[in-house]
Structure formats: C-alpha cells, structure tokens
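Peer 1: Below is the sequence, then the predicted model.
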Amino acid sequence: MNEVDCLGLKCPLPIILMATELKTLAVGDCLLLKSDDPATFPDLLAWSRMTGNEIEKISETTFMITKKS
Amino acid sequence: MVPITGEFQAESPLHPAAAALLSESFARGWADPHKLHRASRQVGILLAEAKEIYARHLGIRSDWIHFLGEPGLGFHLAISGLLRPNSTLFYTATDREEVLALAESHLAPGNSRQIPVDHFGQVDMSQLDAKTEDLLVWQLANGETGTVREPLSSHSGFSGSIFVDATASGALHALPSTFACALWDAQAWSGPAGLGIVAINPESAWRNPLPSLSPTQLLGSFSIPLALTGAVALEHWMGDRLMQRAKLSEMNSHIRNFLKVEIADVDIVQPSPTILLDRLSFSFLYVDAEQLVNELSANGYSVDSGSACVSSNLEFSHVLAAMGYLTHGNIRIRLHNDITWPTVHQFLSTLKIVVEKLRAI
C-alpha cells in the first residue's frame, strides 16, 4: 500500500502531499498518511467532505485514505 | 503615517463622529463623577446620558450597565461571578478563547461541559440536563465566521443562569428573554478599543469574583472619554447601519458567488441561516495561509486568518475545526461601512490571481 510520511510537517503540506500522491492512484485504491500535525485530522474531515474521498483514522498519527473520485 | 486598521481586517476604524469627539474629550480633564463638585455632577450627567444611549440600543436597563476598560476581562468577571462550587459551566467549541480558558480552569475537572456545534454553528439544547446553579455561555454571533445563533428562546428551557457573549453581534441581535450577565465590545459598532460594556441583572446570583467591599458592583476602571465616545459611535453606527444593510448584504452575496464560480476548491462558511453581513470566512484547499496573507499584503490588502501558521500561538482556529471547515488556507474578512464596490472587485481579482499563483508553486 502506498504511504505518505508527513511526520514533522505542518499543514497544509500533509494534505498537499497526500492529494498529490492520490492523483497517481486508481479509484478504489488506498494510501496511508502519517502526520503528527494536530490540524491534519480536522482538515482531512473537511477535505473528505469537499472531494468525496474517504478517510479513516487508524491512530492519532495514521490515516487511511480511500480514493473515491 | 501607517493606518492602524486594514481594509478587510477585523478591527474597525473609529466612527468619524466618535473620532471627532474623542480628540476633544482627551484634550480636557474629567472630574470624578462620584464626587459632589459641580464638575463631577456634570460628568455624572454625561455618563448617565451615555448609559441611556447604550440601554436603548442594546435592549437593557441603563442601571444594569457597567463600563470596563478591558473587554476581554469581562468574560472572567461575569462568568466567574456567576459560578458556584457545584455549578457546571456549559459552553460551546465556538466560544471565544477567554471562555475556553475559563472552562479549562473552572474549579475542578468535570465541572465544565462543552456542547457540540453543527456545521452552521448551531447547538442542540434539548439534551442539556442543567441545574439552577449551572451556567450557560450563549454567544449571539461568532466574530470569526459571522454565524449567528438561532434565538435561545426557540430551544427548550435552560434552568440555570445565562451569560450572553454579545461582543461580536453588538446591537444587531436580540438578547435572550432572561439572562444574568451580558458583555459587549464597543468595537462591534466602530467604537473605541478598550471599552467593554457589561450588563448585570440585579436579580441574578452574580457576585464580584474579586475581593470587594461592594460584592454586587463591578468596580472596574474605565476611561470616561472612551465611554462617552462609545455611546456616540453606537448612536451613529445604528443610524448608518440601516443605510448600509442593503450594500453589505449585496457585497456579501457577491463575494460568496465569486468564490464559488471563479475559484476552485473553496470552503466557505455557510449562512446559518442568518449571518453578520460584514463578516466572511473561507479556506482555499492546498494553499498555505501564511503565503496567502503575505501575498495579499504585498498587493495592499490586509486580511485576517484562522490558520495555524498565521496565528500568534501557531494553533489552528478552534472555531473552524469545531464547525468542520478547512483550517488551512483560511482568510477572513470584514466589510467596514466605508467599503466601496471598486475595492471589493479589485480585491477579488487579486485574490483569484494570488490563489492560482500559490497553487501553481
């Protein structure tokens, strides 16, 4: 599974790097995002609402992204 | 000379009528209104007249009014004065930082309860199980997003005391039918900075939380010129507002439509259903707010932001996060009364160019 390691990076970089990587994937594919910026989770929720892609919080710093569109 | 307020920043310029009075007021000395001399009695009369103006526009009794030199301190004095050791403090995630700080420090863990807000900043009061000694912080409107709460009276009854945060709504939105204390900031109506107006219902359980020989009096210090100037600003601002309403409503709608049509991936805080017409908050996906604010500043536009990289404490906006909006790439603007259509059009054109430029980096 593709993984984007953004530990230590501040928003919006985790969202930008994750979205860039997501563009290379097919609909239905998943990727793992690692980020310890506290803004990442609320921003992922908003990003999911805006783009239609799915997120799942695995841990405080790990998020599963599923490409839906 | 550098202007102290930017075109689109939250801080409002002093109303011209108030500015004229302020310079004259500071040029003369003011007697202590509590003394018996003729000059003191004249000051007392002027302050009483000012209180009548505040009372008329804010919807309160003039003898409930206390002035405070530091509006932010009003949160502590009012809320702490209503809390008892067995009180639970009910508040929402979109309340001001002063309230969140009070909730964190209130008495003992578990004595504070945060009420969730929905995407429009509204709260469901039906699930609250409150005692008469409990306290609810009720924010009439949020100054960051411009969202306005539905009137409290339309919800199920809250049996405790109510503190009303009217610092952003000013005189525009009605107070709940009953409340213990309320707080305004004169800057809401283009009044001077450094002036808070606190209303204390004498039938409430409020007691001065500071050691005081007059436990039912709020003995804060304040500037007499600012108190008088704030009343003049309020009087004029309310008159102007009726004329400004149509313009601000049209501008607010135009900006929302421009953002939706002209710029992709914008998260705009939605009306809820009513809004403060002079405030807008929106976030651009994949844009760094610090770069955005700096680029706009370089182009001559001053805006505020709720993104972490722009805030003084490097924390993202708790209001945007609580309402489920994007916290990065955020800017918020305030439309002041003297704003013109050419300025709005030029600002939006610049904004579009800047966002496209930053996204292309």
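Peer 2: Ah, there it is.
Peer 1: Tell me, how many residues neighbour residue 37?
Peer 2: If you meant another chain, say so; for now it's chain A. By other CB atoms under 10 Å in any protein chain shown, the residues close to A:Asp37 number 21. Where C-beta positions appear, they are placed from N, C-alpha and C, glycine not excepted.
Peer 1: switch to chain B, that's the one I care about
Peer 2: 10.
Peer 1: Who's the closest spatial neighbour of it, skipping the chain neighbours?
Peer 2: Residue nearest to B:His37 in three dimensions, not counting chain neighbours: B:Ala31, with 6.2 Å by CB to CB, 6 or more residues apart in numbering or on different chains.
Peer 1: who's in contact with that neighbour?
Peer 2: By CB atoms under 8 Å, 6 or more residues apart in numbering or on different chains, the residues touching B:Ala31 are B:His37, B:Ala39, B:Ser40, B:Gln42, B:Val43.
Peer 1: and if you look at B:Ile79?
Peer 2: For B:Ile79, the contact set (CB under 8 Å, 6+ apart) comprises B:Leu89, B:Val99, B:Leu102, B:Leu135, B:Val137, B:Phe163, B:Cys181.
Peer 1: Beyond the helix or strand bottoming out on mean pLDDT in chain B, next helix or strand please.
Peer 2: Within chain B, confidence by mean pLDDT, DSSP states H and E is lowest for helix B:16-27 among all helices and strands, at a mean of 84. Scanning forward in sequence from helix B:16-27 by DSSP states H and E, the next helix or strand is helix B:38-58.
Peer 1: list the helices and strands that next one packs on?
Peer 2: The helices and strands touching helix B:38-58, judged by 3 or more CB pairs under 8 Å, 6 or more residues apart in numbering or on different chains; DSSP states H and E, are strand B:65-68, strand B:196-200, helix B:224-262.
Peer 1: deepest of the ones you listed, which one?
Peer 2: strand B:196-200 (a mean of 26; mean count of other CB atoms under 10 Å in any protein chain shown).
Peer 1: what's in contact with that one?
Peer 2: Residues from elsewhere that reach strand B:196-200, judged by CB under 8 Å, 6+ apart: B:54, B:58, B:60-61, B:64-74, B:77-78, B:179-186, B:206, B:216, B:218, B:230.
Peer 1: Could you do stretch B:342-358 as well?
Peer 2: The contact list for stretch B:342-358 (CB under 8 Å, 6+ apart) reads B:7-8, B:251, B:254-255, B:258, B:262-263, B:284, B:287-288, B:291-292, B:295-296, B:299, B:301, B:335.
Peer 1: Please apply the same query to stretch A:59-69.
Peer 2: The contact list for stretch A:59-69 (CB under 8 Å, 6+ apart) reads A:7, A:18, A:22, A:25-36, A:40-41, A:44, A:51-58.
Peer 1: Quick one, which of these are buried?
Peer 2: A:Met18, A:Leu22, A:Leu31, A:Leu33, A:Lys34, A:Ser35, A:Thr40, A:Phe41, A:Leu44, A:Asn53, A:Ile55 (16 or more other CB atoms under 10 Å in any protein chain shown).
Peer 1: Give me the helices and strands touching the helix or strand hosting A:Ile15, please.
Peer 2: With secondary structure defined by DSSP H and E, A:Ile15 is part of helix A:13-22. For helix A:13-22, the packing partners by 3+ CB pairs under 8 Å, 6+ apart come out as strand A:2-5, strand A:30-34, helix A:40-51.
Peer 1: tell me the angle it makes with helix A:40-51.
Peer 2: For helix A:13-22 against helix A:40-51, the angle by axes from the mean of the first three to the mean of the last three CA atoms, to 10 degrees is 50 degrees.
Peer 1: relative to strand A:30-34, how tilted is helix A:13-22?
Peer 2: Regarding helix A:13-22 and strand A:30-34, their directions subtend 160 degrees when assessed with the same axes, to 10 degrees.
Peer 1: tell me the mean pLDDT over helix A:13-22?
Peer 2: Averaged across helix A:13-22, pLDDT comes to 95.
Peer 1: again with stretch B:294-303
Peer 2: Mean predicted lDDT for stretch B:294-303 stands at 93.
Peer 1: do stretch B:193-209 as well
Peer 2: The pLDDT scores in stretch B:193-209 average 94.
Peer 1: Stretch B:270-282 and chain A in contact?
Peer 2: No: on the criterion CB under 8 Å from any CB of the partner chain, stretch B:270-282 is out of touch with chain A, staying 11.9 Å away.
Peer 1: ends of that stretch, how far apart?
Peer 2: Criterion CA to CA, to the nearest Å; first-to-last residue distance in stretch B:270-282 is 9 Å.
Peer 1: can you check stretch A:24-39 too?
Peer 2: 24 Å.
Peer 1: so does it get close to chain B?
Peer 2: Yes: judged by CB under 8 Å from any CB, stretch A:24-39 comes into contact with chain B through A:Pro38, A:Ala39.
Peer 1: how far is that stretch from where the chain is centred?
Peer 2: Centroid displacement of stretch A:24-39 relative to its chain, using CA atoms, centre = their mean, to the nearest Å, is 3 Å.
Peer 1: which outside residues touch it?
Peer 2: The contact list for stretch A:24-39 (CB under 8 Å, 6+ apart) reads A:1-11, A:14, A:18, A:21-22, A:40, A:44, A:58, A:60-69, B:308, B:315-316, B:321, B:327-328.
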